[in-house]
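Engineer: Structure for this input, please:
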Amino acid sequence: MSPRDYAKLDGLSWPDTAKPVSLLHEYGHTFRWVRGDRFISVHRGTCVEGRRVLIVRDTLAGRRVLEGPQPVADVIPVHPDKWLDPHALRRNSHRWAQARRLCQPGHRGGDHDR
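Structural biologist: Residues are numbered from 1 along each chain as shown. Sure thing, here's the model as predicted:
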């Protein structure tokens, strides 16, 4: 699918939304899941949409961070009720990365794009 096709997907909030968002930066990509969405959007690189206001543990230090909306590279179909579950986000992103051979066999997730 092209980035324009992703913009037309029902169940994918993009690019801007006032809804809460869960993000995971892993495997050289950013995985973005918006509350109520039926898809996790996948973006190349480490992407942040706005200002980082509250930083509990800065895992982005030392990385090139792309600010503002970035093109969608792929989507992962998901159940919208699980958007706040960090394990569901990590599990789905890991399966996506495994299917594309972006992680080592037996790897269970973790921060590997540094």
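
Engineer: Leu102 touches Tyr27, doesn't it?
Structural biologist: Yes. At 4.5 Å, Leu102 and Tyr27 qualify as touching, with contact defined as Cβ atoms under 8 Å. For glycine as for every other residue, the C-beta is placed from the backbone atoms N, C-alpha and C.

Engineer: Between these two, which has more neighbouring residues?
Structural biologist: Legend: neighbour count by other Cβ atoms under 10 Å for Leu102 and Tyr27, higher for Tyr27 (22 against 17).

Engineer: Please spell out the segments of the chain that come in under the pLDDT threshold.
Structural biologist: Scanning the chain for pLDDT under 70 picks out 2-4, 14-18, 50-61, 104-114.

Engineer: Return the list of helices and strands in contact with the biggest helix by length in it.
Structural biologist: Using DSSP state H to define each element, the chain has its longest helix at helix 86-99. Applying 3 or more Cβ pairs under 8 Å, 6 or more residues apart in numbering; DSSP states H and E, we find helix 86-99 packed against strand 21-26, strand 29-34, strand 39-44, strand 74-77.

Engineer: Nearest to Asp10 among the ones you listed would be which one?
Structural biologist: Asp10 lies closest to strand 39-44 among these, at 9.4 Å (Cβ to Cβ).

Engineer: Report the distance from that closest one to the chain centre.
Structural biologist: Distance of strand 39-44 from its chain centroid, counting by Cα atoms, centre = their mean, to the nearest Å, is 5 Å.

Engineer: Output the contacting helices and strands for that strand.
Structural biologist: By 3+ Cβ pairs under 8 Å, 6+ apart, strand 39-44 packs against strand 29-34, strand 74-77, helix 86-99.
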